[in-house]
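Chemist: Turn this into a structure:
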Amino acid sequence: MHRCNVSKLLTRVLELAGGLMEEFAIPSGPRKELINNHCSEFMQLINKIFNNKMIVDIIY
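Modeler: Alright, predicted model coming up:
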């Protein structure tokens, strides 16, 4: 169960990163609110993963 949760979090982190790259590639320029929301969620997930030492459990 624990690995499943980490996998879901990591999948979401990658989705957010991909969404940011797509947004920056828009010819008219990125939308500030969307970038702010994506970055905020990205950082919250990264903190959740590392503060709970979830990634260490997967590696070892």
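
Chemist: Leaving out the residues flanking it, which one is nearest to residue 19?
Modeler: Nearest residue to residue 19 in three dimensions, chain neighbours excluded: residue 38, at 5.6 Å (C-beta to C-beta, 6 or more residues apart in numbering). Placement of C-beta: from N, CA and C, glycine included.

Chemist: Helix or strand for the one you found, just tell me which one.
Modeler: Residue 38 is located in helix 32-51, with elements delineated by DSSP states H and E.

Chemist: Next: residue 29.
Modeler: Going by DSSP H and E, residue 29 is not in any helix or strand.

Chemist: Now do residue 39 against residue 26, distance only.
Modeler: The gap separating residue 39 from residue 26 is 16 Å, by C-beta to C-beta, to the nearest Å.

Chemist: Oops, could you answer that again for residue 44 instead?
Modeler: Taking C-beta to C-beta, one finds residue 44 at 24 Å from residue 26.

Chemist: phi, psi of the spatially most central residue of the chain?
Modeler: Central residue check for the chain by C-alpha atoms, centre = their mean: the C-alpha nearest the mean position is that of residue 13, 2.2 Å away. Backbone torsions for residue 13, taken as degrees, to the nearest 10, come to phi -60, psi -40.

Chemist: count of residues packed around residue 25?
Modeler: Neighbours of residue 25 under the rule other C-beta atoms under 10 Å: 8.

Chemist: Please read off the pLDDT at the nearest residue to residue 31 once chain neighbours are set aside from the model.
Modeler: Leaving aside its chain neighbours, residue 31 sits nearest to residue 23 (6.7 Å; criterion: C-beta to C-beta, 6+ apart). Looking at residue 23, its pLDDT is 93.

Chemist: Next: residue 10.
Modeler: 87.

Chemist: in which helix or strand would I find it?
Modeler: helix 2-24.

Chemist: quick one on the thing from earlier: the residue nearest to residue 31 reaches residue 33, doesn't it?
Modeler: No. Assessed by C-beta atoms under 8 Å, residue 23 is found out of contact with residue 33, at 10.6 Å.
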